[in-house]
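> build the 3D model from these lines:
(one chain, ligands or ions: 1)
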Amino acid sequence: MRVTDSVTKGAFGQFGFRGLEKWILGVLLVSSIIASRSFGGSNGLLSQKTQDALLKELSGERGLDYVTMISRFERIQASEGWRNAALYVKSQLDKVGYTDAHIEGWPSNGETWYYTWQTPIGWRARSATLWMLEPYQKKLGDYEEIPNSLVKHSGPADVTAELVDVGSGVDSKEYDGKDVRGKIVMGFAYSGDVAREAIKKRRAVGMVTYIPQWDRKDHPDLLQYTAIWPRWSERDSLGFGFNVSKYDAQELLSPLRGGKKVVLKAKVDSDFYESQIEMLTATIRGSAYPDQEIVLCGHLDHPQPSANDNASGSAGLLEMARALRTLIDRGEIDPPKRTIRFLWVSEYYGTVAYLKAHPEFGKRTIAAINCDMIGEDLKKTDSYFCATRTPDSRPSFLNEVIEYFVKLTATLSISELRGSAAPFNYRIVPYAGGSDHYFFNDASIGVPSMMLGHPDPYHHTAQDTPDKVDPTELKRVCFIAAGSAWFMANASDAETERLLLELYRGSLERFVADVTNAEAAMYSTQTPDDLFASYKDALNVVKWSGRREVKSLQSAGVLAASAHTKEHIDESATNLKRFEQTQEIGIKEFYERLCKEQGVPPRKVELTSEEQAATGTIPIRSETFKCPLGDGYLVQKLGRELVDSLPSLTGDAAWEAVNFVDGKRSLMEVYGAVKAEYGEISLQRLKNYFSLLEKAGLISLGSK
Ligand SMILES: [Zn+2]
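Numbers count the residues shown, from 1 in each chain. Alright, predicted model coming up:
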């Protein structure tokens, strides 16, 4: 869970944490039976020989070379540039001996749907320029110089028109008293939204958009990547757009605000077409269980250059594919027992089309590692490496495997000739979406998936260039991903037994951290009512955190071959359950003690009438509702008015709520699960969300 309450000394402060003593002792006892952590070599998840072979062959320098090549392509989803980049990657795979590398594609035209996602339109631009003519002449953008100057999906244009400042460009009040017909508007909201408000609705001819002043304040020169994403029927009604930097935006806004006229001349040579959304895939076939797969994936898109996002992930996959194939062919490592599949995806839209075309994916795939932005130069991008865990609805051994390799990497001295000497700086972070692991983790697909990446102020801008990719960091992340994939592809009984130690330790650590946070929240309450509420929360956390960790241990069963190892996994799970039960008792005792200190009687746990009602409702996910809910689907299906009239859960918490729907759990249980993971959420908002999903035919709400 993500509760980050700081421990403040509340009304009960003077009495201390005595209630915690018992379980802290318990943890120490359990921990002492676990062997001390030793990284790498014969005590680790890989043999010394395999570890050395991987470190010797994987090359961040080659990776950087691939990044530079891929970053030359203007490769947004469903574009010719995407296909050309994929053909380049495929040619490299062919060269090192992959015989099954191939591109698969499905219609993509701004019209066709894959589940709740409508495909992007095909679009290409040949040239585009934007000039200021008045008050003085200045070139503001040139597609052939910097492709991000042009908003993607801009229609053809050849116009000279006055510029009008419309603030964000999406609030109707900003248009009061302004006639934008035939003019070019200037706004800082997302281009696609400005186009619909200013151009489609109010008949402006085009737009100039820029990053709002408060966003990335230290970087006023960034030129962002934005797109219009038109439906096929909208393609002639959304005009054109150019992006300018904050510097240039200021230069345009000052004369406008001083009452001066600004005149721009825009020329765009572009067109729309019915395209395909595509995926490139290749495999190393498993020697023992070819139908079980470990997936290494990364999205090949974004516009030129998009070096870290995500030429780095695409290049990293290619380098891992090359190194593993080479080492196997030379006999330096064993071929994998399970199949390793490499997937270069078209972010979101290609992934959903692929999952629809391959309904077997969820059954055959044991785990997926999503490489998205893996090459950041930590100094140049002020960044650190992040391994993003699976959501609480999908606990998995994958978390422990990746964490093991991350920590191992921190002990190794990896450095490349042209790479940085910066020390490895990493964090293991709770689940967040934002890339293709979001699709794999969805309950309807059911594949545990982690993302490896870096936060980066340059992402989605023209400044995301190959000079910000560090071959040293790229090699580190390739080692983490390839090492993890190879381990999972080969794990059998002995490897699973070894992994079980990591799993047990991780489960205990996380469970204890969650219980500590919950007890700390109880401890710092100020009133009996708050204490009672946080006591209920703490019991809820113990329940769901406990469930998550037991499932996490049990997930390793898929790697085990013998009944003996499976039994061992069950025993560990039973042990953990027993420990969790003692914590529930500990929390009750802690509550009673805190009540006593305050001189109030302890209350029995009971549900509010709203919660009582929610226990009688059973949400059921519709058979045809697969993959996460498409962005904007509810608005398109039900209308803006209805959606806005029911303020509902949004973001990752909304998605997780659907993941916890299993046809048996009540609405109240789903609420408890999401609350344990995300902290305070509103039951009313959850009910509203499910009611919208029901109206859209995506779930039904039965009664007990
Ligand atoms: Zn990305």
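> quick check: the residue lying farthest from the centre of the chain vs the ion, distance?
Distance to the chain centre peaks in the chain at Gly599, reaching 47.5 Å (criterion: CA atoms, centre = their mean). According to CB to the ion, to the nearest Å, Gly599 and the ion sit 56 Å apart. Yep, even glycine has a C-beta here, placed from its N, CA and C like the rest.
> give me the pLDDT for that residue.
On pLDDT, Gly599 comes in at 92.
> Phe39 too?
The score at Phe39 is 66. That number is its pLDDT.
> next: Leu93.
With respect to pLDDT, Leu93 scores 98.
> and it, what does it touch?
Going by CB atoms under 8 Å, 6 or more residues apart in numbering, Leu93 touches 101, 282, 318, 321.
> most neighbours among these, which one is it?
For the contacts of Leu93, the largest number of neighbours (other CB atoms under 10 Å) sits with Leu318, at 29 neighbours.
> just give the nearest non-adjacent residue to it, would you?
Sequence neighbours aside, Tyr66 is the residue nearest to Leu318 in space, at 5.1 Å (criterion: CB to CB, 6 or more residues apart in numbering).
> any idea how far Leu693 is from that neighbour?
Tyr66 sits 42 Å away from Leu693, taking CB to CB, to the nearest Å as the criterion.
> quick one, domains of this structure?
Using automatic domain parsing, the domain ranges for the chain come out as 13-33+493-598, 47-109+278-490, 122-273, 609-703.
> any residues of the stretch 301-450 of the chain in contact with the ion? List them.
Contact residues (CB under 5 Å from the ion) of the stretch 301-450 of the chain with the ion: 309-310, 372.
> and of the residues you listed, the nearest to Tyr438?
Closest to Tyr438 out of those is Asp372 (10.7 Å), distances taken as CB to CB.
> just checking, what packs against the helix or strand that contains Arg548?
Arg548 belongs to helix 528-554 when assigned by DSSP states H and E. Using 3 or more CB pairs under 8 Å, 6 or more residues apart in numbering; DSSP states H and E as the contact test, the elements touching helix 528-554 are helix 493-523, helix 563-598, helix 667-678.
> and Thr617, how far is that from the ion?
Thr617 sits 37 Å away from the ion, going by CB to the ion.
> for that residue, grab the count of nearby residues.
When neighbours are defined as other CB under 10 Å, Thr617 has 16 of them.
> who's in contact with it?
Neighbour list for Thr617: 666-668, 701-704 [criterion: CB under 8 Å, 6+ apart].
> buried ones among the residues you listed?
The neighbour-count criterion (16 or more other CB atoms under 10 Å) marks 666-668 among those as buried.
> let's verify the residue nearest to Leu318: helix, strand, or coil?
helix (DSSP: H, G, I helix; E, B strand; the rest coil).
> who touches it in this structure?
By CB under 8 Å, 6+ apart, the contact list for Tyr66 reads 89, 92, 311, 314-315, 318-319.
> buried residues, the helix holding Arg548. List them.
528, 531-532, 534-554.
> chain center to it: distance?
The chain centroid and the centroid of helix 528-554 are separated by 25 Å under CA atoms, centre = their mean, to the nearest Å.
> just the domains of the chain: most buried one?
Highest mean neighbour count among those (mean count of other CB atoms under 10 Å): domain 47-109+278-490, with a mean of 22.
> show me how far it is from its chain's centre.
Centre to centre, stretch against its chain (CA atoms, centre = their mean), the figure for domain 47-109+278-490 is 14 Å.
> that domain: end-to-end distance?
Separation of the first and last residues of domain 47-109+278-490 by CA to CA, to the nearest Å is 12 Å.
> number the residues from 814 up from this point.
Okay, residue one is now 814; in that scheme the one you just asked about reads as domain 860-922+1091-1303.
> check contacts around Leu1511.
Leu1511 touches 929, 1434-1435, 1438, 1442, counting by CB under 8 Å, 6+ apart.
> repeat that for 7 Å
Leu1511 makes contact with 1435, 1438 under the criterion CB atoms under 7 Å, 6 or more residues apart in numbering.
> so where's the protein uncertain?
814-855 (pLDDT under 70).
> how about the residues of it near the ion?
1122-1123, 1185.
> any idea how far Leu1051 lies from the ion?
Applying CB to the ion, the value for Leu1051 to the ion is 25 Å.
> and if you look at Asn922?
For Asn922, the distance to the ion - CB to the ion - is 24 Å.
> so which residue of the stretch 914-1063 of the chain comes closest to the ion?
Tyr1038 (10.9 Å; CB to the ion).
> please name the residues that touch the nearest residue to that residue once chain neighbours are set aside.
Spatial nearest neighbour of Tyr1038, excluding adjacent residues (CB to CB, 6+ apart): His1273 at 4.5 Å. For His1273, the contacting residues are 1037-1038, 1122, by CB under 7 Å, 6+ apart.
> try it again at 10 Å.
961, 1024, 1035, 1037-1039, 1115-1116, 1119, 1122 (CB atoms under 10 Å, 6 or more residues apart in numbering).
> next: Gly1246.
Contacts for Gly1246 were tallied using CB under 10 Å, 6+ apart; they are 1201, 1204, 1252, 1254-1255, 1264, 1441, 1464-1465, 1468-1469.
> show me where the stretch 1064-1213 of the chain has its helices.
Secondary structure of the stretch 1064-1213 of the chain (DSSP state H, counting those that start in this stretch): helices at 1126-1142, 1162-1170, 1174-1177, 1211-1224.
> could you check which residue of the stretch 1214-1363 of the chain lies nearest the ion?
Proximity of the stretch 1214-1363 of the chain to the ion (CB to the ion) peaks at Ser1248, 5.4 Å away.
> what's the nearest residue to Tyr1167 if we skip its chain neighbours?
In space, Tyr1167 is closest to Met1092, 4.9 Å off (CB to CB, 6+ apart).
> same check, this time on Asp1142
Sequence neighbours aside, Gly910 is the residue nearest to Asp1142 in space, at 6.5 Å (criterion: CB to CB, 6+ apart).
> can you classify that neighbour as helix, strand or coil?
Under three-state DSSP, Gly910 falls in the coil class.
> give me every residue that touches the residue in the stretch 1414-1517 of the chain that the ion sits nearest to.
In the stretch 1414-1517 of the chain, the residue that lies nearest the ion is Asp1444 (15.5 Å; CB to the ion). By CB under 10 Å, 6+ apart, the contact set of Asp1444 is 929-931, 1042, 1161.
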